[in-house]
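In: Show me the folded form of this:
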Amino acid sequence: MTEELMTVQESILGDVFGIWFLIGAALVFFMQAGFAMVETGFTRAKNAGNIIMKNLMDFCIGTVMFILIGFSLLLGEDAMGLIGKPGFDIFTNYENFDWSNFVFNLVFCATTATIVSGAMAERTKFLSYCIYSGVISGLIYPIEAHWIWGGGWLAQLGFHDFAGSCAIHMVGGISALIGAKILGPRIGKFVKDKSGKVTKVNAFPGHSLTIGALGCFILWFGWYGFNGAAATTGPQLGSIFLTTTVAPAVATVVCMIFTWIKYGKPDVSMCLNASLAGLVGITAGCDVMDCFGAAMVGVVSGLLVVFGVWLLDHVLYIDDPVGAVAVHMMNGIWGTLAVGLFATETVPECSMNGLFYGGGFDLLGLQALGVVTVGAWTAITITVTFLIIKSTIGLRASVEEETRGLDITEHGLPSAYADFMPAGSSLSIFTGKSTEEEAPMEEAVPVVESRPHIERLPDAKNKYTKVSIVCKQGKFDVLKNALSDIGVTGFTVTNILGCGTQKGAGEMYRGVPIETTLLPKIKVEVVICKVPVETVVEAARKALYSGHIGDGKIFVYDVEDVVRVRTGESGYDALQDSEM
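Out: Predicted structure coming up:
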């Protein structure tokens, strides 16, 4: 009777953890929303729709690739410790198929692919993204994950990566680093002198830290499933939840203090990155570390993420908009090695000790071997993938597409925010060529005058003129320099939305044509007296002209008088020094 009760109890316990296994998989799937929000919030609004689409499609494309080849390469019958035997049991032997394991490993696979998206955001072709995302999900990740989790050679040696610091985060981070390097920085990120040396690094603030913070909290919440889903006992699960809480919390506090000291104020976006860095760092050893080990992982992660962002910006000159390399690659490596330092047998279900707990260097050396070999596999395969894409269909969006934003150019989406379409936070210069038919200057930059044609004598009435110039945001710097060259140094700039009467490409939303598309523009206004109107108009037209209808419009108005508030001067004297 006792044996029967024990059997029933074990069966119930097995069912409970089987259900938790699937709940954990669902939490990991929900992390896709977190990645989407972090990446969207940390980048500019003109690319928000593109980023949402990429985070949706890397899971959907990954599912297709995982069905076709990825799952069998990962968990198929082992072949010499290198790969799983390819097969189609999901179709040919469905009644005996391991459904839970498929779903569980699929959501982890999708995480690897989505990490790459952030570092290459705002300038990658959508088609190219779909292709390399499929390669990661179908080939690169499944093979190295087989080495670690599928009975491959690293697993046989005793390499330990419980939830993926190495198999997922380091692999995604290395792919992100190489992709961002091959792709090149966003326009305007780095300023170079004539010799090509970088002289300045520009910041491109994300358009919504609120959305980024929401993504961070979603990821932290989902990480309890990410780390804890494979737990097999209650005490083990409790310990995993503790370490998964301690490491990111400590990392965030350390980062806050460090940035407060280094920069004079605590850095919000860096602290959000630090939370994720601590989570990445604890992922490999969440089941074998105690509270002290988790805290030490957090301390290093909180500092490492700041160093990583600085290293990419100021030493390597690699543009990573969301800090993916610092968070995932660097802390993935650190977390994997930390197992060899802080693993302890005092933790439930653990039978290994790291260097600091009397275990010697054996485990640390094995962890280092895994980092090197998995890193080499990833670097070689992803580099080949990116270079093939670059040499065939191209990896990077055009200058015009990047300047206008990938929402409108890749997806026909004027804005991800509809009625609240932003006017853009970066004024980039577009100097590339377009396939549009060239138009004469009179049509591309028309001039509209609403003033009588009178002789401009020194004391004549109506001798002051306002010139209002409406143009594309990307032309602002060119226009500003042109006005400065003719002596106009004072002006007012306003962000506006508008559309012209010329025909444009028809856009669709849910299959319905959008009749009116408001586009972000700027309006530059100057009031002049000493500088001839014709000189201002001609300078503006030359600066704005690209040969395409829609370059802008110039409006000319008479001004009755001008008064300077500070001094009370009026007329000609009020315009001197600023010419505005």
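In: buried set for stretch 528-545?
Out: Along stretch 528-545, these residues count as buried under the neighbour rule (16 or more other C-beta atoms under 10 Å): 528-529, 531, 533, 536-541, 543-545. Any C-beta I mention is one placed from the backbone N, CA and C, and that applies to glycine too.
In: Where is pLDDT lowest across these?
Out: Lowest pLDDT of the buried residues of stretch 528-545: C529, 81.
In: That residue reaches T465, doesn't it?
Out: Yes: contact criterion C-beta atoms under 8 Å: C529 and T465 qualify, at 7.5 Å.
In: Would you point out the most distant pair within the buried residues of stretch 528-545?
Out: The most widely separated members of the buried residues of stretch 528-545 are C529 and Y545, with 25.9 Å between them, by C-beta to C-beta.
In: Can you give me the distance of P86 to L73?
Out: The gap separating P86 from L73 is 6 Å, by C-beta to C-beta, to the nearest Å.
In: quick one: which of these two has more around it?
Out: Higher neighbour count among P86 and L73: L73, with 24 against 14, using other C-beta atoms under 10 Å.
In: Spatially, what comes nearest to that one if we skip its sequence neighbours?
Out: Leaving out its chain neighbours, the residue that sits closest to L73 by C-beta to C-beta, 6 or more residues apart in numbering is P142, at 3.9 Å.
In: Would you mark the buried spots in stretch 187-204?
Out: For stretch 187-204, the neighbour count (16+ other C-beta under 10 Å) marks 187, 189-190, 204 as buried.
In: wait, L413 sits on L406?
Out: No: assessed by C-beta under 8 Å, L413 is found out of contact with L406, at 9.0 Å.
In: higher neighbour count, the two?
Out: Neighbour tally, L413 and L406, criterion other C-beta under 10 Å: the higher count belongs to L406, 27 against 22.
In: Would you confirm that the more buried one contacts A45?
Out: No: between L406 and A45 there is no contact under C-beta under 8 Å: 11.4 Å.
In: that older thread, for the helix or strand hosting the residue nearest to L73, packing partners?
Out: Following DSSP states H and E, one finds P142 within helix 141-149. Where contact means 3 or more C-beta pairs under 8 Å, 6 or more residues apart in numbering; DSSP states H and E, helix 141-149 is packed against helix 71-75, strand 83-84, helix 99-119, helix 153-157, helix 362-392.
In: Show me what the first one is packed against.
Out: Secondary-structure packing of helix 71-75 (3+ C-beta pairs under 8 Å, 6+ apart): strand 83-84, helix 99-119, helix 141-149.
In: now the strands: where do they sit in the chain?
Out: Listed in chain order, the strands of the chain (DSSP state E) span 78-79, 83-84, 190-192, 198-201, 447-450, 464-472, 492-498, 507-509, 512-514, 519-528, 552-559.
In: So what are the sheet partners of the longest one and their directions?
Out: In other words, strand 519-528. Take DSSP bridges as the rule and strand 519-528 pairs in its sheet with strand 464-472 (antiparallel), strand 492-498 (antiparallel).
In: same check, this time on the fourth one
Out: Take DSSP bridges as the rule and strand 198-201 pairs in its sheet with strand 190-192 (antiparallel).
In: Need the contact partners of the partner strand.
Out: Strand 190-192 is contacted by residues 198-202, 317, 319 when judged by C-beta atoms under 8 Å, 6 or more residues apart in numbering.
In: I'd like the distance from stretch 158-171 to the chain centre, please.
Out: 22 Å (C-alpha atoms, centre = their mean, to the nearest Å).
In: Just the CA trace of it, in CSV.
Out: C-alpha atoms of stretch 158-171 as CSV (Å, rounded to 0.1, in the frame of the first residue of the first chain):
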residue,chain,number,x,y,z
GLY,A,158,30.0,18.0,-17.8
PHE,A,159,29.7,21.6,-19.1
HIS,A,160,27.0,23.4,-17.2
ASP,A,161,24.6,26.0,-18.6
PHE,A,162,21.3,25.5,-16.9
ALA,A,163,19.2,28.0,-18.8
GLY,A,164,21.3,29.6,-21.5
SER,A,165,23.9,32.2,-20.6
CYS,A,166,26.1,30.6,-23.1
ALA,A,167,23.7,28.7,-25.5
ILE,A,168,21.3,31.6,-25.9
HIS,A,169,22.6,35.0,-24.7
MET,A,170,26.3,34.7,-25.6
VAL,A,171,25.4,33.3,-29.0
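In: quick one: buried residues of that stretch?
Out: Of all the residues in stretch 158-171, those buried under the rule 16+ other C-beta under 10 Å are 159-171.
In: for the protein, which residue is closest to the average position?
Out: G118 (2.5 Å; C-alpha atoms, centre = their mean).
In: What residues sit buried inside stretch 27-45?
Out: 27-29, 31-45.
In: out of these, which are inside helices?
Out: The helices, defined by DSSP state H, take in 27-29, 31-41 from these.
In: In the chain, where is pLDDT below threshold?
Out: Applying pLDDT under 70 to the chain flags the ranges 1-14, 419-462, 499-518, 549, 575-580.
In: Surely P520 and N495 touch.
Out: Yes: P520 is within contact range of N495, at 6.9 Å (criterion: C-beta under 8 Å).
In: just curious, which of the buried residues of stretch 187-204 is nearest to A176?
Out: For these, the residue nearest A176 by C-beta to C-beta is K189; the value is 15.8 Å.
In: do you know how far the closest one is from S415?
Out: From K189 across to S415, the span is 23 Å (C-beta to C-beta).
In: How about L74?
Out: From L74 to S415 the distance is 40 Å (C-beta to C-beta).
In: Show the contacting residues for the closest residue to V299 other than its chain neighbours.
Out: The shortest distance from V299 to any non-neighbouring residue, by C-beta to C-beta, 6+ apart, is to V254 (5.3 Å). Neighbour list for V254: 274, 298-299, 301-303 [criterion: C-beta under 8 Å, 6+ apart].
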